[in-house]
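Chemist: Show me how the following folds:
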Amino acid sequence: MDELINQINIYHHLSLKTTAALREIFSVKFFKKNEIILRSGDVARYYYFVKSGLLGYYTIDENGNIIYKLFFEENSFCASTSSIIQQSPSAFLLWRWKIRK
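Modeler: Numbering: from 1, shown residues only. Modelled structure (predicted):
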């Protein structure tokens, strides 16, 4: 949780009260390698912070080709922001691509 708070503080310094409140509402979730976190067509509900490993976004075009959009490295935030804001289906699949050794 400390890594997450430190990364947020880079963007905007958090008060002790805000930090305490965030610690109460954030939760830690672990994903296995190749585990799908968000399926294409689902409405996203969460923002994620990558503590370790690598998450990736991809979609499949009409010819069946995989098109990679983004990879999210350690200490980065990831989400299907447009899906969350618009409450619309995500165009991309988010999965746990690599686990740090």
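
Chemist: burial of residue 32, as a residue count?
Modeler: For residue 32, the neighbour count with other C-beta atoms under 10 Å is 8. No exception for glycine: its C-beta is placed from N, CA and C like everyone else's.

Chemist: Could you do residue 90 as well?
Modeler: The number of residues packed near residue 90 is 21, by other C-beta under 10 Å.

Chemist: One more: the one 3 residues further on?
Modeler: Here the number of neighbours of residue 93 (other C-beta under 10 Å) works out to 20.

Chemist: For the protein, which segments count as strands?
Modeler: Listed in chain order, the strands of the chain (DSSP state E) span 36-38, 48-50, 54-60, 66-72, 76-78, 93-98.

Chemist: now those strands as a markdown table including mean pLDDT and distance to residue 29?
Modeler: Converted to a markdown table, the strands of the chain look like this (pLDDT from 0 to 100; distance: least, C-beta to C-beta, whole Å):
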| stretch | mean pLDDT | distance to residue 29 |
| --- | --- | --- |
| strand 36-38 | 93 | 9 |
| strand 48-50 | 92 | 8 |
| strand 54-60 | 89 | 12 |
| strand 66-72 | 89 | 15 |
| strand 76-78 | 90 | 13 |
| strand 93-98 | 83 | 11 |
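
Chemist: Brilliant, that's me finished.
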